[in-house]
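> no FASTA, just this:
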């Protein structure tokens with residue numbers, strides 16, 4: 001290769017493209033490192049989600065399913081009603097009437113609302 005450039009062994013090769021061509025592999029490797037780093041972050045997020053799902057699954061398999069359903073329902077209703085304080089205040093006035101009207105079988109739906117009302121107001 002040196003003979004095609006007209007250089008002898010030990011002579012310095014100089015060209016204006018040489019510094020940039022030596023820096024290019026470093027730039028490419030840096031870009032690849034950033035991609036791998038981002039993939040690792042995504043993998044950590046997915047792993048956390050997977051752990052949550054598996055722990056919920058294990059709880060469903062091994063524990064009382066009714067308690068799990070109630071907890072999930074309360075969490076869902078709380079998240080759903082977040083920011084709806086005015087509507088809940090209006091609904092609050094109707095709760096005593098609804099509970100006294102033979103709705104014991106539907107108390108599973110009212111209990112989270114009552115608990116939410118007590119924590120927010």
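That came through, no problem. Bear in mind that the values here come from a model prediction, so they are computed numbers and not experimental data.
> CA only for contacts and neighbour counts going forward, please
OK.
> could you list the domains of this structure?
Domain ranges of the chain: 12-63, 64-121, per automatic domain parsing.
> weakest of these in terms of mean pLDDT?
For the domains of the chain, mean pLDDT drops lowest on domain 64-121, to a mean of 67.
> next SSE after whichever strand or helix holds residue 36?
Using DSSP states H and E, the element containing residue 36 is helix 18-62. Counting by DSSP H and E, the next helix or strand C-terminal to helix 18-62 is helix 65-81.
> what's that next one packed up against?
helix 107-120 (3 or more Cα pairs under 8 Å, 6 or more residues apart in numbering; DSSP states H and E).
> residues contacting residue 80?
Counting by Cα atoms under 8 Å, 6 or more residues apart in numbering, residue 80 touches no other residue.
> what number of residues lie near residue 74?
Residue crowding around residue 74 was assessed by other Cα atoms under 10 Å; the count is 20.
> make that residue 60, sorry
15.
> do the same with the one 3 residues further on
The local packing of residue 63 (other Cα under 10 Å) involves 11 other residues.
> what does it show for phi and psi?
phi -110, psi -180 (degrees, to the nearest 10).
> buried residues, stretch 43-61. List them.
By neighbour count with 16 or more other Cα atoms under 10 Å, stretch 43-61 contains no buried residues.
> list the contacts of it.
With Cα under 8 Å, 6+ apart, stretch 43-61 has contacts from residue 68.
> at 10 Å instead, please
Stretch 43-61 is contacted from outside by 37-42, 62-63, 65-69, using Cα atoms under 10 Å, 6 or more residues apart in numbering.
> how about these in TSV, adding distance to residue 50?
Formatted as TSV, the contacts of stretch 43-61 follow (distance: Cα to Cα, whole Å):
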residue	distance to residue 50
37	20
38	18
39	16
40	15
41	14
42	12
62	18
63	19
65	20
66	23
67	22
68	18
69	20
